[in-house]
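Chemist: how would this look folded up:
(chains A, B and C)
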Amino acid sequence: MSDLFYGVAYYDEYMPEDRLAKDIALMQETGINVVRIAESTWSTLEPREGEYNFYHIDRVLNAMHKAGIAVIIGTPTYAVPAWLAAKHPDILVTTVNGQQKYGPRQIMDIVNPTFRRYAEKIIRTLMAHVQHHPAIIGWQLDNETKHYDNIGRHMQEGFVRSLREKYPDLDRLNNDFGLDYWSNRIDSWQDFPPVENTINASLACAFSRYQRQQVTEYLAWQAEIVREYAQPHQFVTHNFDFEWRGYSYGVQPRVDHFAAAQTLDIAGVDIYHPSQKHLTGREIAFGGAITRSLKQGKNYFVLETQAQGFAQWTPYPGQLRLQAFSHVASGAAMVSYWHWHSIHNAFETYWKGLLSHDFSRNATWQEATTIGADFARLSPQLAELKAENDVALLISNEAMDALNQFRPGDAQGNIYNDIFRRFHDALYDHNISLDIIHDVNEETARYRALIVPGLYAADDGLLTRINRYIEQGGRALIGFKSGFSDENVKVRSGAQPGILRESCGVSYSQFTLPEETTVRACSADIDCRQDNQAELWMELLTPDAGTRTLLRYQHPAWGDYAAATEADYAQGRAIYVGFLPQKTLISQLFDRLTAGLDLRSRTSAYRYPLVVKKMRNRDGNSIHFLFNYSGEPQAFISETSGNALLSGEKVSCGQPLRLKAWEFTIIES
Amino acid sequence: MSDLFYGVAYYDEYMPEDRLAKDIALMQETGINVVRIAESTWSTLEPREGEYNFYHIDRVLNAMHKAGIAVIIGTPTYAVPAWLAAKHPDILVTTVNGQQKYGPRQIMDIVNPTFRRYAEKIIRTLMAHVQHHPAIIGWQLDNETKHYDNIGRHMQEGFVRSLREKYPDLDRLNNDFGLDYWSNRIDSWQDFPPVENTINASLACAFSRYQRQQVTEYLAWQAEIVREYAQPHQFVTHNFDFEWRGYSYGVQPRVDHFAAAQTLDIAGVDIYHPSQKHLTGREIAFGGAITRSLKQGKNYFVLETQAQGFAQWTPYPGQLRLQAFSHVASGAAMVSYWHWHSIHNAFETYWKGLLSHDFSRNATWQEATTIGADFARLSPQLAELKAENDVALLISNEAMDALNQFRPGDAQGNIYNDIFRRFHDALYDHNISLDIIHDVNEETARYRALIVPGLYAADDGLLTRINRYIEQGGRALIGFKSGFSDENVKVRSGAQPGILRESCGVSYSQFTLPEETTVRACSADIDCRQDNQAELWMELLTPDAGTRTLLRYQHPAWGDYAAATEADYAQGRAIYVGFLPQKTLISQLFDRLTAGLDLRSRTSAYRYPLVVKKMRNRDGNSIHFLFNYSGEPQAFISETSGNALLSGEKVSCGQPLRLKAWEFTIIES
Amino acid sequence: MSDLFYGVAYYDEYMPEDRLAKDIALMQETGINVVRIAESTWSTLEPREGEYNFYHIDRVLNAMHKAGIAVIIGTPTYAVPAWLAAKHPDILVTTVNGQQKYGPRQIMDIVNPTFRRYAEKIIRTLMAHVQHHPAIIGWQLDNETKHYDNIGRHMQEGFVRSLREKYPDLDRLNNDFGLDYWSNRIDSWQDFPPVENTINASLACAFSRYQRQQVTEYLAWQAEIVREYAQPHQFVTHNFDFEWRGYSYGVQPRVDHFAAAQTLDIAGVDIYHPSQKHLTGREIAFGGAITRSLKQGKNYFVLETQAQGFAQWTPYPGQLRLQAFSHVASGAAMVSYWHWHSIHNAFETYWKGLLSHDFSRNATWQEATTIGADFARLSPQLAELKAENDVALLISNEAMDALNQFRPGDAQGNIYNDIFRRFHDALYDHNISLDIIHDVNEETARYRALIVPGLYAADDGLLTRINRYIEQGGRALIGFKSGFSDENVKVRSGAQPGILRESCGVSYSQFTLPEETTVRACSADIDCRQDNQAELWMELLTPDAGTRTLLRYQHPAWGDYAAATEADYAQGRAIYVGFLPQKTLISQLFDRLTAGLDLRSRTSAYRYPLVVKKMRNRDGNSIHFLFNYSGEPQAFISETSGNALLSGEKVSCGQPLRLKAWEFTIIES
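Modeler: Down below sits the predicted model:
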């Protein structure tokens, strides 16, 4: 039975002086019980081709082991040494901007056989050297692997080969992808043009999917090598990341997390997020929900998150604690900072670790020591928490690619992840805990409500399964543009929203962009007096017979069209929304959708900034986390009774409670 | 005697299913009497080099003919097949951004002999195959041809050759183009550097003119081939387009429409424009005025315009009708939508046709059926309308190039087309109908007023002819920067505005940029209390003796300088404006300029959004179009008497009339 | 004893007609006594390889000499002829954007041996031809020389060679530059990657320094050639320029002015600046302060400044005079306009000279004639003025490079020159005249106050010398981020601000970005009620014992930290500021820092827009310049007594004075 991991990334290689003993002593003071090392140090490990130097690895492993701190070793392959690029310039990835030049990390061509050969060699040499060291508890494959927008020769040829396998008949390809448009037909495999400049989104999206498959294949290839050496008790993980907007914003377009995670024992992830007065916990929740789903609800590792981070992230007092326990409340088995110290070298110098460049006991570090102590003390209650959500949100890399090719209008925030985040965040703020899924099937039938934002491209099967889910009693909130095109991004020629019309009981033939258009409620239980803007897109909906109109547009020309509708469909119910609603309206539609259901996912009658999470612990007890995500104190009435784990006090239902700025409480009941 | 054409572009090639019979039946219901086909389907017609497939062409021709729908066939050359690019990569155009990559249309090097050879082959093969088909009424050469910013070897070499012919003496070239500046002299033809990065605007503008000449030559070359096959009763046309800003904004910089149109029988054009609450009719008017002038006032084809178009263009009820009759009121003989259905393939998918992707009878289509019926019913009155304007606006591709090299300040809207549109739109809103001309000569002496915006580069001849026009009784409104440089974009060394000083009676040696500067009126008939900003540019004008100052700048340093002046010059009069005025001030200056004249171009005492156009029909009757370009009803007093063609009612002068939102009436008198 | 020079650049080569005699007559009328010629005319001088043509040079020299106008000849090398680029394309510089294409000036590879060979040839031929002409008073090397972002083969190889000389041991290089980060180690000189895409700011900054050294070397190489021919009485100068933001904004990043100036006899510079209502004199002051320092306070040449300049610069009445005498008040021995006439050729056409394109006696020219007359009349009093400042501002190209790599936040205005200008301009507005220095040493011990903005990268020596300066009685205002990293841009691992903690008595381990954060005063003599924003950066300062806190942040989380502190250190005093203050706060901190000192640099109790400069003339008299930098008249009380040089009137201390808009007075006392 394992405890919560509290960790840091540690780089003996980058230290301005020998600090190993001092650092370990300070780590022990902090409560650190795991370090992650080596993942970007190829040129240190192999300074010249075939010459190896494991000095730093060995001394860190030995010292950590002696101190009782576990070690995760990362394969060092995500940054290539200068000698390799100098000898084999073709290993540098080619993107639409040309071949990348040496300097940054993550610029290699991961499908290049030469790169693979050298990568395999350093992995095998490292594994052989360290495999028996008792400090090691697991292995991280590479780091934040993506396809790096690879359009190189190997990627292009592989893609064409994959199509050739799927399409013995080129006419079928031309038809499925609609290549005849603008004379883009391909009538001989030899003439297949480079995909990079295609205007055809069917082709572009198929290529994008192929690129993601190569990430999956690459990680599986590394896993296979690593497992030849790994001990049975050691895990294999990877550090996934998210769409980056200066922080972890949304679904990763360049990796299929669900497919790639299959090769792993434990899913790992990095989650960076706004801080200070912009700290909301939303990224911790959505990143956690995705990562938790990758291995069927198994606890996951937050292999990287911010300690001090960027200058604008320096945490306010209390925030580091709040963040750490929010990860735990999402199901994290590890919270590990990137990184221990702050880099003195002249890159990522201002992405600060737990310690500043002066290694002193700064205020952030001091707060970390309280987390370390609480993790150790409360692991019996808080390790291996399980979520029991009955609400799910459906994501799709394929729909994301396609929708991003055909964005709803030109306004800011018109891409898939903006829409996904809007729906996710609305429910987060509404204290609806949710799981994130990437398919609808028998397994997902257990969810009582399903949110489907922007499912622009989907095959008949998925749409039919969504219909069946509703038919069998599910409740679904379907967002605009869903169902519009098939899996090849060709628009369906029947009434929209395609196959979903059956369950949603609504159709449209025309749509437009809202220009400061609002909606009005057609139902007494929806309040549209505020936050009533129709954003991004407006489908001019016509309800089928029996379908209830929930919202209409307020507009001189479009006022007769429905903006949102609700239909009963066999045992279930579907709400369809033809525009992007604001968060409070989404939460009202959700409440209407789930009226009469006693949802486990509905964790509180309170709303953000009071965020409530419920998890089940190993003892079968319910763990209630109550987080104050604001700089103001919050007073409220306890909705549960039990033991407050931090204070040790008893809490009874109905008892007034109070949280200071950025404070939280945890109640076991 | 021909009827009005009501058409659509039709692509059997792109249909997700065989719909030809269904589509034709629906077209007949719509009143469609012409379709345009084939213009971008090279790869369908010739899937492999030398293998031809006319399946779609043949079946469409046969079915249309049977249904009594005429067909225009476009040569398919504006999008090249993948096999051609694969075999001859050099046919892809090179621009300052490098050689274009396969994918989009309009990426070929139109002066490349290899491309010409293949293009000629497919044109000849297609022509030979279809030339005798009775459905065909005419041919469209290529589509929206431009030079595609071609700086390739053939273009560069041809340009140097053309200079060499003009300049046997390099010293003369160095002098005419001012190449000595910054050591750019060329003292040997062998050393002629690539033009692409020149700093010398004389050279750059000469190259730009040469590029346009190649478009003219290319279309003439296609026309010659097509005419070898075409029947005598068939016309040859081309689909010109305009400077594109998400819609047809201004004069096309990459084609000399006037020169290129000489090879055509009938001028064709596409006009796309803002819609919904941004629909004004301005683009329909200016596009029509240019296109009408290309063949000396002959009626022209609107070969493409929007049905539903982009999502933000979905027309409000009434707008599709308003647009169609606005084209007719500008002299269009055809209104043809791009396109019939909406593309299911994954490009231009959201540039919607008359039908949506579901092929249903949507609201826009329903409105189209009323247009079709009215076109058929009213063709006797509305076909072959002639304009009888006596006001003209002078445009110049050469002035545009030059002014855009030397933009007045850095503010938004500082390029030629912004300035052109300001003057055009001011008069449109003022209900002054105008022709657009590209030269001043004996032919244009018939105009009673002439507007000259931004004629930055012009040879002595043109400026002298403008002076003579005024001298002989013309009235001219001359805009800032006119006359400043010669045809080679070298600044004249005499007083400004160069040769125009003679007629305008004003000069300046200094100028500056306005920073929130306004003007004040020096004449009681001009009201400058509002809309008095001096925009973009301020010439510090000093009137010659006898010249009247109309406006002065309100400025602590420049308050003594004139901002606009008026001079009598022999029989005529010239107003010179040293800055960019707002629209209402332009219309006031125009009224002052034309005081005492009874202009046919002055169609109404009303103003935009009530837009009035007058045309002469085949019977010699006057046709008054009264358009309500607003979402509010308009009440007004009829300024004419006659028959209201839509309702059949009589209208008498002075009678109160009323137009609903986006409604119009047509009165024959 | 020389008079003030009043000059223009003159280009007989670019004239549209033969105007030499007319121009010289007009120059004499203007008071022009020097012209600068030839600096960009290589293709005129050598139209074909080895063919020379000195027609323009000869006739201008002869005519000027006859007219008593002195001539400065520029070597013509900063724009290469087309034939040279055609024959040797490799002489065109390569930057991160690829190899530059022929067209603009300043696109050559100045370390390319072929370019050097041709440049030497034209310089020697020109020098040999003209060296004995009596009109010539001096030589300008090239023009505005920079390294043009050269990353070409020669530059890269030279850089690696220079490192190899410095670092026989690659481990030392890896350590000093922190190359192990992200596997960027270099363990063999053969593998040294191109620097262009490095992520490592240590490497990037070292390369930037090397690039600047090549500019120094290039100018020294030209100087050596020129001096082989130059007469003893002729000077060698160069026209330096500044960071360009549409005008001369800040310290030049691409040249080390101090190092490059060593090869010169007299420093020359161009200073362009905002005009009209944006004219402040700030650029004239800072540009003058830097240039004056290059040759130890010797008077310098303003070889170029604007006459009419860009359209937005057309001077208001009075401004041209104000500008000319402001240059003199900073120590200029020459004010020379770029240029005499305005270019008719189609480039830099709107960068207007003293004359417009029409060569008429325009208003600006008329004002110039009064300057010419006054320069001639007042040279006995105003030539060879010396500054006697006791306040200095420290700049550093190395700190600039480093800070710009690690900018404080993402807000606008976050680069070195913005910060430098903030401090400079605060003191300018406060009527504190200052010198600009690039080192702190025995020589600079004479300054009583020192301003140190953004000294992000500095070696131990410089920081120690700053400490010593304070220790020995200096007063220093140290700005945020100073002392943070060493000369290789590696962050110091001790407490910040590194070695400066000793003198400043303050430290910090954490910092963040201000989001609308203000500061509050902890001292009665500082008024923070307005202009109290903390901009860009916030260091969370903790004063050492004995250090006084001057300012704190107003912030819920950071309110206990100091924002600015003051410490006594031996004989001296240091104020440290952890954020970017607004100008009025900087001036308050300066006043506090220098309380009790009677500074010569403090020229007035008045503030901008009344700007006061004091200089010492050849007779040892004090010259007071009082400039009204505003469009409003200023009334004030004279702070000095003496003779008003322009009016000839006596002025007594305490006497009311009045300056009209943009007027000034000069009082000798």
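Chemist: top helix in chain A by residue count?
Modeler: helix A:201-229 (DSSP state H).
Chemist: ok, that helix near chain B or not?
Modeler: Yes: counting by Cβ under 8 Å from any Cβ of the partner chain, chain B is contacted by helix A:201-229 at A:201-205. Every residue, glycine included, has its C-beta placed from N, CA and C.
Chemist: buried subset of the residues you listed?
Modeler: A:201-205 (16 or more other Cβ atoms under 10 Å in any protein chain shown).
Chemist: Contacts only, for the residue nearest to residue A:610 when sequence neighbours are not counted.
Modeler: Leaving aside its chain neighbours, residue A:610 sits nearest to residue A:634 (5.4 Å; criterion: Cβ to Cβ, 6 or more residues apart in numbering or on different chains). Contact analysis of residue A:634 by Cβ atoms under 8 Å, 6 or more residues apart in numbering or on different chains lists A:609-610, A:628, A:658-659.
Chemist: between the residues you listed, which is closest to chain B?
Modeler: Nearest to chain B, judged by Cβ to the nearest Cβ, of these is residue A:609 at 36.3 Å.
Chemist: Under a three-state scheme, what state does the residue nearest to residue A:577 when sequence neighbours are not counted occupy?
Modeler: Distance criterion Cβ to Cβ, 6+ apart; nearest residue to residue A:577, sequence neighbours excluded, is residue A:564 at 4.6 Å. Under the three-state scheme (DSSP: H, G, I helix; E, B strand; the rest coil), residue A:564 adopts strand.
Chemist: ok, residue A:564 - contacts?
Modeler: Contacts of residue A:564 (Cβ under 8 Å, 6+ apart): A:519, A:541, A:549-551, A:575-579, A:581, A:589.
Chemist: Now, the residues you listed that are in helices?
Modeler: residue A:589.
Chemist: Now tabulate the contacts of residue A:564 in JSON lines and tack on distance to residue C:176, pLDDT and neighbour count.
Modeler: Below are these laid out as JSON lines (distance: Cβ to Cβ, whole Å; pLDDT from 0 to 100; neighbours: other Cβ atoms under 10 Å in any protein chain shown):
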{"residue": "A:519", "distance to residue C:176": "63", "pLDDT": "98", "neighbour count": "27"}
{"residue": "A:541", "distance to residue C:176": "66", "pLDDT": "98", "neighbour count": "29"}
{"residue": "A:549", "distance to residue C:176": "71", "pLDDT": "98", "neighbour count": "18"}
{"residue": "A:550", "distance to residue C:176": "67", "pLDDT": "98", "neighbour count": "25"}
{"residue": "A:551", "distance to residue C:176": "65", "pLDDT": "98", "neighbour count": "29"}
{"residue": "A:575", "distance to residue C:176": "63", "pLDDT": "98", "neighbour count": "24"}
{"residue": "A:576", "distance to residue C:176": "63", "pLDDT": "98", "neighbour count": "33"}
{"residue": "A:577", "distance to residue C:176": "60", "pLDDT": "98", "neighbour count": "26"}
{"residue": "A:578", "distance to residue C:176": "62", "pLDDT": "98", "neighbour count": "28"}
{"residue": "A:579", "distance to residue C:176": "58", "pLDDT": "98", "neighbour count": "25"}
{"residue": "A:581", "distance to residue C:176": "57", "pLDDT": "98", "neighbour count": "27"}
{"residue": "A:589", "distance to residue C:176": "61", "pLDDT": "98", "neighbour count": "22"}
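Chemist: Pick out the most distant pair among the contacts of residue A:564.
Modeler: A:549 and A:581 (14.9 Å; Cβ to Cβ).
Chemist: Which single residue of chain A approaches chain C most closely?
Modeler: residue A:345 (2.8 Å).
Chemist: Residue A:329 reaches residue A:433, doesn't it?
Modeler: No: Residue A:329 is beyond contact range of residue A:433, at 9.3 Å (criterion: Cβ atoms under 8 Å).
Chemist: Between those two, which contacts overlap?
Modeler: Common contacts of residue A:329 and residue A:433 (Cβ under 8 Å, 6+ apart): residue A:613.
Chemist: quick one on the thing from earlier: out of the residues of helix A:201-229 next to chain B, which one sits closest to residue C:615?
Modeler: Checking these against residue C:615 with Cβ to Cβ, the nearest one is residue A:204 at 67.9 Å.
Chemist: which residues touch the closest one?
Modeler: A:195, A:198, A:401, A:405, B:346.
Chemist: And the residue of chain A closest to chain B?
Modeler: Counting by Cβ to the nearest Cβ, chain A gets nearest chain B through residue A:178, at 2.8 Å.
Chemist: does that residue count as helix, strand or coil?
Modeler: Three-state assignment for residue A:178 (three-state DSSP): coil.
Chemist: since we're on it, how many residues are nearby?
Modeler: Residue A:178 sits with 25 neighbouring residues when counted by other Cβ atoms under 10 Å in any protein chain shown.
Chemist: Good, we can wrap up now.
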